[in-house]
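A.B. asks: need a structure here:
(one chain, ligands or ions: 2)
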Amino acid sequence: MFKYVEFIKSIYDLKELPPPEFPEIAFLGRSNVGKSSLINAILNRKNIARVSSTPGFTKAINFFRIDHQFYLVDLPGYGFAKAPIELQKKWKYLIEGYLTAIRDFRLLILIFDIRRTPDELDISLINFVKHTKKTFCIVLNKIDTLSKNEINKQLKNYIEIFRLKPDFPIFLTSCKEKEGIEPLRKFILSKVKLH
Ligand SMILES: Nc1nc2c(ncn2[C@@H]2O[C@H](COP(=O)(O)OP(=O)(O)O)[C@@H](O)[C@H]2O)c(=O)[nH]1
Ligand SMILES: [Mg+2]
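C.D. replies: Ligands and ions are numbered 1, 2, ... in the order given. Reported below is the predicted structural model:
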């Protein structure tokens, strides 16, 4: 369990990135997939990352430092249909800039709502992430909303559509029921401690 959580800063421009003094674990997902809820669940905090009932666009990258050991990086959500084109450009600039910057980068956690089947936007994101050669894993969240059969069907869909290898790390979680959180926490720790 992670004990000590410090908010470091919100950045709106790549010039403001904190020095790469700690290993970094980043979270990325479409708006409303439960990214904030997942960060809260992993840190066992009620509202470190703000949970919203209406999907909105945060344009900042938020840095938290966990146990004086690593940065948890909350990346802005994407795919919000009503986002103005300027904001979409800004998102691309921030994400691409961050993921290609020289950092002690350890893991990108890509979060999806398991009820949604990936579309072109998700596929292009995965292709971009593969292209950066960063280590990443996938979280299929909101499993409490589906039956066991439906969960397996969607799991298969994701593997097929994203062309993932059989041993690719995929985590099934419910932030609502606090299910599947511990394995993800352990995975994060294993990435932070390496090197
Ligand atoms: N049923 C269910 N709802 C969830 C789960 N995780 C998050 N939510 C809900 O999904 C909505 C968006 O969550 P939020 O964490 O703000 O998503 P974000 O936009 O990706 O940061 C909120 O209403 C959450 O309560 C989950 O595992 N199961
Ligand atoms: Mg959020």
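
A.B. asks: ranges for the strands of this protein?
C.D. replies: Counting by DSSP state E, the segments of the chain that form strands are 5-11, 24-29, 61-66, 70-74, 105-113, 136-141, 170-172.

A.B. asks: could those strands be laid out in CSV, adding distance to ligand 1?
C.D. replies: C-beta: built from backbone N, CA, C; applies to glycine. Formatted as CSV, the strands of the chain follow (distance: least, C-beta to the nearest ligand atom, whole Å):
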stretch, distance to ligand 1
strand 5-11, 15
strand 24-29, 5
strand 61-66, 11
strand 70-74, 8
strand 105-113, 7
strand 136-141, 5
strand 170-172, 10
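
A.B. asks: would you list those strands in TSV and tack on mean pLDDT and mean neighbour count?
C.D. replies: Formatted as TSV, the strands of the chain follow (pLDDT from 0 to 100; neighbours: other C-beta atoms under 10 Å):
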stretch	mean pLDDT	mean neighbour count
strand 5-11	92	13
strand 24-29	96	23
strand 61-66	94	20
strand 70-74	96	23
strand 105-113	98	22
strand 136-141	98	22
strand 170-172	98	18
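
A.B. asks: want to throw those into CSV with distance to residue 156?
C.D. replies: Shown next, in CSV, are those (distance: least, C-beta to C-beta, whole Å):
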stretch, distance to residue 156
strand 5-11, 36
strand 24-29, 20
strand 61-66, 33
strand 70-74, 30
strand 105-113, 14
strand 136-141, 11
strand 170-172, 11
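
A.B. asks: Quick one: closest of the ones you listed to residue 120.
C.D. replies: Evaluated over these, closeness to residue 120 peaks at strand 105-113, with 14.2 Å, by C-beta to C-beta.

A.B. asks: strand partners of that closest one, parallel vs antiparallel please.
C.D. replies: Taking DSSP bridges as the criterion, strand 105-113 forms sheet pairs with strand 24-29 (parallel), strand 136-141 (parallel).

A.B. asks: just the angle between the first one and strand 61-66, please?
C.D. replies: Put simply, strand 24-29 runs at 130 degrees to strand 61-66, going by axes from the mean of the first three to the mean of the last three C-alpha atoms, to 10 degrees.

A.B. asks: quick one: low-confidence parts of this protein?
C.D. replies: The chain contains residues with pLDDT under 70 at 51-58, 80-83, 194-195.
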